[in-house]
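In: no sequence on this one, just coordinates:
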């Protein structure tokens with residue numbers, strides 16, 4: 001029989017210290033998501049059983065909740081803060097797991113859940129999941145899911161209502177040629193935000209113009225090229241609604257590169273109200289969604305499920321609100 005792997009074996013194979021291994025397998029803060037993932041891979045390969053794993057094998061409970069995110073970008077980071085605060089007095093620790101190394105491969109979320117379930121976490125919160133998770137053996141709550149499935153507990157913001165409010169505000173300012181920089185087409189939130197944009201135009205009697213729509217994929221780097229395309233049009237829009245704040249910031253950066261003033265030449269409004277939105281110059285007008293509350297609500301739902309309680313609501317939609325700042329103004333005559 002092969003000797004049982006020790007924490008020192010794991011540390012040597014992963015190229016980290018014993019303390020780092022301990023933090024990774026016990027879900028503690030202080031190490032990066034990439035290091036945690038590397039250590040957990042070695043743990044699985046070597047069959048190492050930490051005290052947490054050993055106790056979970058005996059009790060079938062770890063008292064750890066996992067949160068799975070594709071990236072630790074501002075939206076996920078704010079949600080993570082809300083989850084952490086909500087779990088402070090719950091008796092559960094939090095293990096944050098990022099799929100940044102494997103997010104381009106299909107099914108990474110399902111594989112991650114399979115890897116963590118049973119020995120490391122009792123339940124999971126998934127942020128913007130894009131795969132079916134019904135086959136998991138542990139309770140799962142989804143935040144901002146890719147689709148509205150009846151059997152999966154979900155929490156989301158009112159994407160349609162927020163987009164409707166954003167576009168109506170631009171129309172109230174006098175804008176008629178309004179561009180839209182959308183998010184990831186595979187996500188429900190992106191679909192709903194475009195639908196809200198279209199509905200506001202229809203309500204005002206403004207024909208929808210597909211030439212004014214681009215896809216930015218919710219990221220600053222992927223939003224810059226479509227933003228440049230939109231702002232370089234001969235008859236460019238006088239205002240642009242971006243499906244998230246990172247895309248809105250990309251529009252403002254591109255506008256500066258093109259010699260355009262915000263909001264003088266083009267008004268810009270985002271969606272999220274990430275911390276950077278209020279700190280930039282000019283400060284970003286945006287739709288605030290309660291990101292920390294999203295995390296806290298999902299954590300509360302998951303704890304209820306883990307305690308054997310039924311949920312009063314399987315799907316919760318939280319309200320959004322307009323935050324007026326300095327990147328929007330009436331169009332120049």
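Out: Okay, I see it. Everything quoted here is computed from the prediction, not taken from an experiment.

In: What residues does residue 166 make contact with?
Out: Contact analysis of residue 166 by CB atoms under 8 Å, 6 or more residues apart in numbering lists 196, 197, 200, 241, 269, 271, 287, 322. Backbone N, C-alpha and C define where each C-beta goes, glycine included.

In: isn't there a helix covering the first one?
Out: It refers to residue 196. Yes - counting by DSSP: H, G, I helix; E, B strand; the rest coil, residue 196 is found in a helix.

In: Return the distance of it relative to residue 256.
Out: 28 Å (CB to CB, to the nearest Å).

In: more neighbours, the two?
Out: Just comparing residue 196 and residue 256: by other CB atoms under 10 Å the higher neighbour count belongs to residue 196, 26 against 11.

In: Can you pull the phi and psi angles for the residue nearest to the more buried one when sequence neighbours are not counted?
Out: Of all residues not flanking residue 196 in the chain, residue 163 sits nearest, at 2.8 Å (CB to CB, 6 or more residues apart in numbering). Main-chain dihedrals, residue 163, degrees, to the nearest 10: phi -70, psi -40.

In: what's the burial count for residue 163?
Out: 29.

In: average pLDDT for the host helix or strand of residue 96?
Out: Using DSSP states H and E, the element containing residue 96 is strand 93-98. Averaged over strand 93-98, pLDDT sits at 86.

In: Give the buried residues for the next helix or strand after that strand.
Out: Once strand 93-98 ends, the next helix or strand along the chain (criterion: DSSP H and E) is helix 108-116. Of the residues in helix 108-116, 108, 109, 112, 113, 115, 116 count as buried by neighbour count, 16 or more other CB atoms under 10 Å.

In: likewise stretch 301-316?
Out: 301, 302, 303, 304, 305, 306, 316.

In: tell me the pLDDT at the fourth one?
Out: This points to residue 304. So, for residue 304, pLDDT stands at 94.

In: what's the helix or strand that contains it packed up against?
Out: Using DSSP H and E, residue 304 maps to helix 291-306. Secondary-structure packing of helix 291-306 (3 or more CB pairs under 8 Å, 6 or more residues apart in numbering; DSSP states H and E): strand 64-69, helix 74-86, strand 123-127, strand 140-143, strand 154-157, strand 315-318.

In: neighbours around residue 206, how many?
Out: For residue 206, using other CB under 10 Å, the count is 16.

In: Next one: the residue lying closest to it once chain neighbours are set aside from residue 167, what distance?
Out: Ranked by CB to CB, 6+ apart and with sequence neighbours excluded, the top spatial neighbour of residue 206 is residue 176, at 5.8 Å. Remark: distance between residue 176 and residue 167 (CB to CB) = 11 Å.

In: In terms of neighbours, single out the busier of the two.
Out: Taking neighbours as other CB under 10 Å, residue 176 and residue 167 compare with residue 167 leading, 26 against 15.

In: Nearest spatial neighbour of that one, chain-adjacent residues omitted?
Out: residue 200 (3.5 Å).

In: Confirm that neighbour sits in a helix?
Out: Yes - the assignment for residue 200 by three-state DSSP puts it in a helix.

In: coming back round to it: okay, among the buried residues of stretch 301-316, which ones form the most distant pair?
Out: 306 and 316 (17.4 Å; CB to CB).

In: So which of the helices and strands packed on helix 291-306 is nearest residue 263?
Out: helix 74-86 (22.5 Å).

In: any idea of the angle that closest one forms with strand 93-98?
Out: 170 degrees (axes from the mean of the first three to the mean of the last three CA atoms, to 10 degrees).

In: helices or strands up against helix 74-86?
Out: strand 64-69, strand 93-98, strand 123-127, helix 275-279, helix 291-306.

In: rank these by pLDDT, which is bottom?
Out: Taking the mean pLDDT of the helices and strands packed on helix 74-86, strand 93-98 comes last: a mean of 86.

In: got the buried residues for that one?
Out: Result for strand 93-98 [16+ other CB under 10 Å]: buried residues 93, 94, 95, 96, 97, 98.

In: can you give me the strands in the stretch 201-333 of the chain?
Out: 213-215, 239-242, 267-272, 285-288, 315-318, 321-323 (DSSP state E, counting those that start in this stretch).
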